[in-house]
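Participant: What follows is a protein structure lacking sequence information:
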């Protein structure tokens with residue numbers, strides 16, 4: 001009676017054992033000589049070793065032992081300055097879905113939006129490459145910027161600079177409202193504060 005049988009989980013598909021529902025203590029597995037070696041001892045080109053990192057770029061799936069090797073691979077082979085194609089992320093499962101980056105925001109004047117203000121397309125490439133490299137760090141978990149005081153790591157140098165202010169006490173962002181002397185270590189906290197003046 002198949003309804004009175006249950007499947008024993010954790011065994012390879014070639015070793016499917018069934019027991020009557022009340023026979024939990026009467027389980028006899030085959031000798032180890034009949035079982036395949038544990039997964040971590042099997043060397044297969046398709047499966048990474050437990051500590052290996054995998055490049056999940058579309059159609060790549062190469063394995064790496066060191067984070068720096070993965071980062072170098074992604075930067076050298078996938079994040080190329082393809083001037084005609086632009087910078088697009090093709091990491092499996094990426095929320096950007098292959099959309100490119102634009103140079104209009106967040107590059108501190110290191111390039112403008114191509115064609116808008118007479119800025120040539122080539123002026124935007126350094127900014128686009130920077131945005132792409134920072135984005136790729138969300139996939140590789142690379143955090144190359146380390147705080148010398150507490151060893152906390154950051155993917156962006158800008159974030160390390162803001163973090164360092166927590167150690168130095170520096171608060172360069174001053175509330176712009178007359179009579180208010182509040183100071184903040186980052187612009188977003190100052191912005192939140194200025195909304196209390198409305």
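Facilitator: That came through fine. Bear in mind that the values here come from a model prediction, so they are computed numbers and not experimental data.
Participant: Quick check: bridge partners of the residue nearest to residue 69 when sequence neighbours are not counted?
Facilitator: The shortest distance from residue 69 to any residue other than its chain neighbours is 7.9 Å, reached at residue 53 (CB to CB, 6 or more residues apart in numbering). For the C-beta atoms, the positions are set from N, CA and C on the backbone; glycine is no exception. On the basis of DSSP bridges, residue 53 is bridged to residue 64.
Participant: Quick check: residue 53 touching residue 62?
Facilitator: No - the pair residue 53 / residue 62 is not scored as a contact, 9.3 Å apart, by CB atoms under 8 Å.
Participant: Pull the contacting residues for residue 97.
Facilitator: Contacts of residue 97 were listed using CB atoms under 8 Å, 6 or more residues apart in numbering, and none were found.
Participant: residue ranges with poor pLDDT in this protein?
Facilitator: For the chain, the stretches with pLDDT under 70 are 1-50, 80-86, 103-125.
Participant: In it, where's the longest helix?
Facilitator: helix 121-140 (DSSP state H).
Participant: for the helix or strand that it is followed by, packing partners?
Facilitator: Under the assignment DSSP states H and E, the closest C-terminal helix or strand after helix 121-140 is strand 145-146. Packing contacts for strand 145-146, counted by 3 or more CB pairs under 8 Å, 6 or more residues apart in numbering; DSSP states H and E, involve strand 153-154, helix 157-168.
Participant: Looking at the ones you listed, which one is packed in the most?
Facilitator: strand 153-154 (a mean of 16; mean count of other CB atoms under 10 Å).
Participant: Can you show me the helices along the chain?
Facilitator: Using DSSP H, helices in the chain cover 67-73, 121-140, 157-168, 187-194.
Participant: quick one, which of these is nearest to residue 178?
Facilitator: Minimum separation from residue 178 across the helices of the chain (CB to CB) falls at helix 187-194, 12.3 Å.
Participant: which secondary structure elements does that closest one contact?
Facilitator: When contacts are defined as 3+ CB pairs under 8 Å, 6+ apart, helix 187-194 packs onto strand 173-174.
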